[in-house]
Every structure is written in structure tokens, then in C-alpha cells.
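Peer 1: Using only what follows, build the 3D model:
(one chain, ligands or ions: 2)
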Amino acid sequence: MTDAADTVVIEGGHVLTPDFEVREADVLIDRAAGEVIAVDDDLGGDETLDATDSLVMPGLVNAHTHVAMTLLRGYADDKPLDSWLQEDIWPVEAELTPEDIRVGTELGLVEFIKSGITGFADSYFEVPEIAAATEQSGLRANLCHAFISVGKDDEGARADAQEGLDIAREFDSAADGRITTALMPHSLTTVETEYLEEFVPQAREAGVPLHFHANETENEVDPIVDDHGVRPLEYADDLGMLTEDDFLAHCVHVDETEIDLLAETGASVIHCPASNMKLASGIAPIQELLDAGVNVGLGTDGAASNNDLDLFDEIRDAAMLGKLARGDARDVAAESAVRMATEGSASAIGLPVGELEAGGTADIAVVDFDAPHLTPVHDHVSHLAYAVRGSDVRHTICDGEILMEDREVKTLDEAAIREKASEHAADLVGRAE
Ligand SMILES: N[C@@H](CCSC[C@H]1O[C@@H](n2cnc3c(=O)[nH]cnc32)[C@H](O)[C@@H]1O)C(=O)O
Ligand SMILES: [Zn+2]
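Peer 2: Ligands and ions are numbered 1, 2, ... in the order given. Have a look, this model is predicted:
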């Protein structure tokens, strides 16, 4: 029997169950095991989190981001992906120090905790800094070092790819298993074929999945069709890059054959609607992907192409943009969009979370519905998709640990991090000019 000193009861709320029903119940958590003991009436525990007028739901999972890019929030707006990366982002990223990446990551993790995100998939560099911040924050993550070969000589490209593989091996199961890893060839047009042929098999041997940007813009499609005579996802499949463990960011410009390939192989798509809109990359065919049985997760991408990391914003964007894709207001309905941000994201990036039930992981967000913009409550799930903001989250719990109680973050010093991030961001931009 669990020692009474190790339990937390989330009391007096409405619970979002795995079948997307909502019922009044308490939730009892085994803090040490990081598990939900029971979802039932009148449960008692050592510590109590009040959930009056609140919805108790699975923690959100941000399945594609570059979290340290918070330092570049608002740095370069109003331009398309290629010029945004090449003229602004990559030059300033060349000036980033490991300490910059630690501080930018901590700022993003505070933003995650304050908006009910309990897990994420990140791809950047200086991953040891990102892993250390993640461990301290109490959050769950899949991390990778993204490598690019284009623009580098063979030695440089090979070293970057090797770093990606070494990081994937070194940090898998770090932070008591809260951290897992992937191998990230940045995209199918920024990593040349020979490096994909050499390093993808080694990721399989290391037992880590692939995470890469795919078909984000037409400029990521046409060169592959021209050079290889096939669509990008057929090219990726020929290289063994599409399995049920792999997750592809964006997939905006995919045709029917590529949608079928995703469905057949079981590879997941991470939809990033705000980034796609802000960079004018296009409208991903989400309802077609869902109808084909493709698993779709949700991601904010980086804070320089969003520009916040609020996954409730992203759920709303997905539900709204998904309707415009085919001009059908029934598409990407509220439940579909919320599922993307919980179960869809979790299964895409291999985190054992996404559903709130007895025996499940204690990764939970408690959303306070006691507010004018959430009144009346005809349907909790409708509000999650069309009205809830990250700032409505009252408590955040991950792996049984309380990361935020009544909007106060417990594992990171929010004020100190905001001050340091502002200083580092100013210095960084100064160095880049
Ligand atoms: N090691 C690489 C950097 C890769 S980190 C991941 C990269 O993805 C970039 N990135 C951010 N958002 C997107 C996107 O939407 N599409 C493609 N790349 C992006 C990000 O700025 C960063 O440069 C190098 O040598 O430059
Ligand atoms: Zn990205």
C-alpha cells in the first residue's frame, strides 16, 4: 500500500477521461511512482490540490519545437522560411553560446509549465544544456541535436551528424527516464543523401527514432522531385526513414501518395499550424491525414516562428486552419484538435503519456474554468479548443511531481530566468549585428 505521505489528491474537479467524456471526480496520484492511483469520488491523500471549477486533463505535449529560440522571439518576423532562416536566424544562431541556450531553454520550459505542457520534442544544438534544464524543470522530453550537411565540407558535415548520433546515444533515458532521444537530420534538403544513407542505419542500431522537417514548403519538395524523380516522402521511405517510431514536422505539401505512405508506414506527422501560417508555408491537409489513419501530433515549432509556446493557441489554430484547408467547417473538430495535443503528440514522440486514467502516468494539467471567457460551460472540450488559453492553467504535474501550484512554478525561478533571458537576448543580438 502506498505510504499516505506520498500521495496527492486533485479534488473537486471535472476529469477528461480517455474516451473524452467529462465527469466529476477526484484524482489520486502516487507521487513517488509518478502514477495515477485512482480517478473516483471522495478520494483522500496526503496533499490536496484544489480543482474547484476546473478541468483535470492529461498534460499537453508539444511535439515539435526548438525551445531555446525563445531568445529570438520577435527577432525576425514577416518573411518566408528560406529568407527567414538564411538572412536572420542562422546568422544569429551562429553567435549562440551554451549559456545562451541554457537560459533560452529555461525560459521556454517556464512557459511550458505555466501553460500545462508536461512533455515536448526538441531539436537544436548544445543539447547537454537543454537536457540539464529539462532535468531541473521536472518535464519529460525527447531531445535531439539537429544536423545539417549543406554548406559544410565533408569533415564538418560528418562531425555534425556524428554529434547527432552521439547525443542520441548518450542522453537516451537521462533524467530518470524522463528524457529520450532521436536522430535529427534537419530536413531532406539540408542533409545530402550520402549522410542519410550513412547515419539513418546507425540510428536504427542505436534504437532511436528519426525526427525531421519534411515538405514544409514547396522549396522542400521541388528539388527532390527534380534530383531524384520521386516525391520527398518516397525518397525518405527509400532511405528507410519512415517507420512507426519516426515523426515528421510539418508535412504541409504532401500529395495523396505521400499520405498513403505515412498511413502504411505508421510514421507520425507533427502539425505546426502557427508556424505554417506565420511563414506562409501553407495549409497542411490535416483532415485527410486523420481520415487516412495517420497519427498527427501538435507542435509550436520555435518561438521565433509562432511567437508564443502556448499549445492551447496551437489547438485553436489547428481547429480553425483545418477547416479552411477544404472549406469545410466540420473538419478538424474540437476533439480531434485536443487529441492531437495529448495522445497524438505523446504517441508520435514515444512518451508514455496522453491519457488520464488509473494506472496511467501522472502528467496532468488543471485548467481553471472560473473566468468570464470560459462561461457558460456547455462543453468542456469545446472550450479547450476554442476559448482556453495557457494562462488558464492553475496546476501542472509531471511524473507525479507538482511543477506548478496556483500558477507558481516550483522547479525553476521564473523571475530570475526572465531577467537573465532578456540580458542574454540583448547581448546575442548585439553580437550578431
Ligand atoms: N546544427 C544546425 C542547426 C540546426 S538546429 C535546428 C534548426 O532548425 C531551424 N528551424 C526553426 N524552425 C524551423 C522550421 O520551421 N523549418 C526548418 N528549420 C527550422 C532552427 O532555427 C535551427 O537552425 C546548424 O549547424 O546550423
Ligand atoms: Zn522546426
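
Peer 1: Looks to me like Leu143 is in a strand.
Peer 2: Yes: under DSSP: H, G, I helix; E, B strand; the rest coil, Leu143 sits within a strand.

Peer 1: from what I can see Leu324 touches Ile283, true?
Peer 2: Yes: counting by CB atoms under 8 Å, Leu324 touches Ile283, with 6.3 Å between them. (C-beta placed from N, C-alpha, C; glycine too.)

Peer 1: Using the three-state scheme, assign the residue of the stretch 151-300 of the chain found nearest ligand 1.
Peer 2: Taking CB to the nearest ligand atom as the measure, the stretch 151-300 of the chain has His213 as its residue closest to ligand 1, at 4.6 Å. Secondary structure, three-state DSSP: His213 is strand.

Peer 1: Number of residues surrounding it?
Peer 2: As a burial measure, His213 scores 25 neighbours (other CB atoms under 10 Å).

Peer 1: How about it: what's its closest non-neighbour residue?
Peer 2: In this structure, His213 finds its nearest non-sequential neighbour in Ser187, 4.0 Å apart by CB to CB, 6 or more residues apart in numbering.

Peer 1: confidence score at the one you found?
Peer 2: Here, the pLDDT recorded for Ser187 equals 98.

Peer 1: Equivalent analysis for the one 4 residues further on, please.
Peer 2: pLDDT, the model's per-residue confidence, is 98 for Val191.

Peer 1: Leaving out the residues flanking it, which one is nearest to it?
Peer 2: In space, and not counting its chain neighbours, Val191 is closest to Pro185: 4.0 Å by CB to CB, 6+ apart.

Peer 1: My guess is that neighbour contacts Leu210. True?
Peer 2: Yes: with contact defined as CB under 8 Å, Pro185 counts as touching Leu210 (7.2 Å).

Peer 1: Mind listing the shared neighbours of these two?
Peer 2: Residues touching both Pro185 and Leu210 by CB atoms under 8 Å, 6 or more residues apart in numbering: Val200.

Peer 1: need the contact list for the residue nearest to His213.
Peer 2: Going by CB under 8 Å, 6+ apart, Ser187 touches Phe212, His213, Ala214, Glu216, Glu220.

Peer 1: for the last one, what are its contacts?
Peer 2: Under the criterion of CB under 8 Å, 6+ apart, the contact partners of Glu220 comprise Ser187, Leu188, Thr189, His213, Ala214, Pro232, His253.

Peer 1: Which positions in the stretch 251-400 of the chain make contact with ligand 1?
Peer 2: Proximity of the stretch 251-400 of the chain to ligand 1, by CB under 6 Å from any ligand atom, involves residues Ser275, Asp301, Gly302, Ser305.

Peer 1: For those residues, work out which two are farthest apart.
Peer 2: Of all pairs drawn from those, the greatest distance, 7.7 Å, lies between Ser275 and Gly302 (CB to CB).

Peer 1: tell me the phi and psi of the residue of the stretch 101-250 of the chain at minimum distance from ligand 1?
Peer 2: Ligand 1 sits closest to Ala146 of the stretch 101-250 of the chain, with a gap of 3.6 Å, by CB to the nearest ligand atom. Main-chain torsions, Ala146, degrees, to the nearest 10: phi -80, psi 130.

Peer 1: That one is in contact with Phe125, isn't it?
Peer 2: Yes: judged on CB under 8 Å, Ala146 makes contact with Phe125 at a distance of 6.8 Å.

Peer 1: Assign a three-state SS to Glu155, would you?
Peer 2: Strictly by three-state DSSP, Glu155 counts as helix.

Peer 1: Leu248 now?
Peer 2: strand.

Peer 1: Distance check, it against Ala416.
Peer 2: The gap separating Leu248 from Ala416 is 37 Å, by CB to CB, to the nearest Å.

Peer 1: And for Asp406?
Peer 2: The value you get for Asp406 to Ala416, if CB to CB is used, is 20 Å.

Peer 1: Check Leu165 too.
Peer 2: Distance from Leu165 to Ala416, by CB to CB: 35 Å.

Peer 1: And His145, by the same measure?
Peer 2: Remark: distance between His145 and Ala416 (CB to CB) = 27 Å.

Peer 1: Name the residue in the two with the higher neighbour count.
Peer 2: His145 (26 against 11).

Peer 1: That one contacts Val127, correct?
Peer 2: Yes: taking contacts as CB under 8 Å, His145 lies within contact range of Val127: 4.9 Å.

Peer 1: Mutual contacts of these two, please.
Peer 2: Ile167.

Peer 1: got the residue ranges for the strands in the stretch 151-300 of the chain?
Peer 2: 179-181, 184-185, 211-214, 247-250, 268-271, 296-298 (DSSP state E, counting those that start in this stretch).
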